[in-house]
Every structure is written in C-alpha cells, then in structure tokens.
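>>> here's a sequence, model it:
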Amino acid sequence: MKKLSSIEFKVIMLARDLNRTNIVAEECEAKYKPVPIVIDLRNSVSVEQAFAKIKEDFGYIDILCAVAGVSLNKSPNQSN
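Model (predicted):
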C-alpha cells in the first residue's frame, strides 16, 4: 500500500475493519492517501456495493491485489 501510494497510485483498501484500515492509510505519506472501503467478502451484497462505489468514485481498477489475513485469536465464524 505504502509503495503504490508513494508513486501516486490511487489505492483503495477493502476490509471488514475500518479502524485498522484507517491506521494503515494514515501511515502512508503520499499525495494520494489510500481510500478505505468497508466490505464483507462473505456477503455478496456487500461485495456488489463496494465495487459499485469504486466504479462510481474512480471509474476503473488498474491493479487488484487480493490480500487475506488470518486472526489467530478468533474462529473464522466470529466477527470483529
């Protein structure tokens, strides 16, 4: 994220946890700060809404990076 935003890419960060995403976005020292969007990949409506917002706000996606994490403190069925 930091590298892409530092070379003036408009970076969109999709995550369930807006607070964590905002922390990463604020750490980027760039002209274009990453834009956080809340999404739950387990919910098709959430996915459709997120990509509709991206299309409306940005028009298109040049690069899509799928980065997933695992929480060792919770089971996959627990939400944050």
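>>> show the average pLDDT along stretch 34-47.
Mean pLDDT, stretch 34-47: 89.
>>> identify the residues contacting it?
Identification of contacts with stretch 34-47 by C-beta atoms under 8 Å, 6 or more residues apart in numbering yields 1, 5, 10-16, 18, 21-22, 24-25, 28, 49-50, 53-54, 57. Every C-beta, even on glycine, is put in place using the N, C-alpha and C of the backbone.
>>> now it: buried residues?
Buried residues in stretch 34-47, counted by 16 or more other C-beta atoms under 10 Å: 34, 35, 36, 37, 39, 46.
>>> now list the buried members of the contacts of stretch 34-47.
1, 5, 11, 12, 13, 14, 15, 21, 25, 28, 50, 54.
>>> for the last one, which non-adjacent residue is closest in space?
With C-beta to C-beta, 6 or more residues apart in numbering as the measure, residue 12 is the residue that lies nearest to residue 54, at 5.9 Å, once sequence neighbours are left out.
>>> and the buried ones among the contacts of stretch 34-47 as JSON lines, adding pLDDT, secondary structure and distance to residue 62?
JSON lines is the format used below for these (pLDDT from 0 to 100; DSSP: H, G, I helix; E, B strand; the rest coil; distance: C-beta to C-beta, whole Å):
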{"residue": "1", "pLDDT": "67", "secondary structure": "coil", "distance to residue 62": "14"}
{"residue": "5", "pLDDT": "72", "secondary structure": "helix", "distance to residue 62": "13"}
{"residue": "11", "pLDDT": "82", "secondary structure": "coil", "distance to residue 62": "10"}
{"residue": "12", "pLDDT": "85", "secondary structure": "strand", "distance to residue 62": "11"}
{"residue": "13", "pLDDT": "85", "secondary structure": "strand", "distance to residue 62": "15"}
{"residue": "14", "pLDDT": "86", "secondary structure": "strand", "distance to residue 62": "15"}
{"residue": "15", "pLDDT": "85", "secondary structure": "strand", "distance to residue 62": "20"}
{"residue": "21", "pLDDT": "80", "secondary structure": "helix", "distance to residue 62": "20"}
{"residue": "25", "pLDDT": "79", "secondary structure": "helix", "distance to residue 62": "18"}
{"residue": "28", "pLDDT": "76", "secondary structure": "coil", "distance to residue 62": "17"}
{"residue": "50", "pLDDT": "92", "secondary structure": "helix", "distance to residue 62": "17"}
{"residue": "54", "pLDDT": "91", "secondary structure": "helix", "distance to residue 62": "11"}
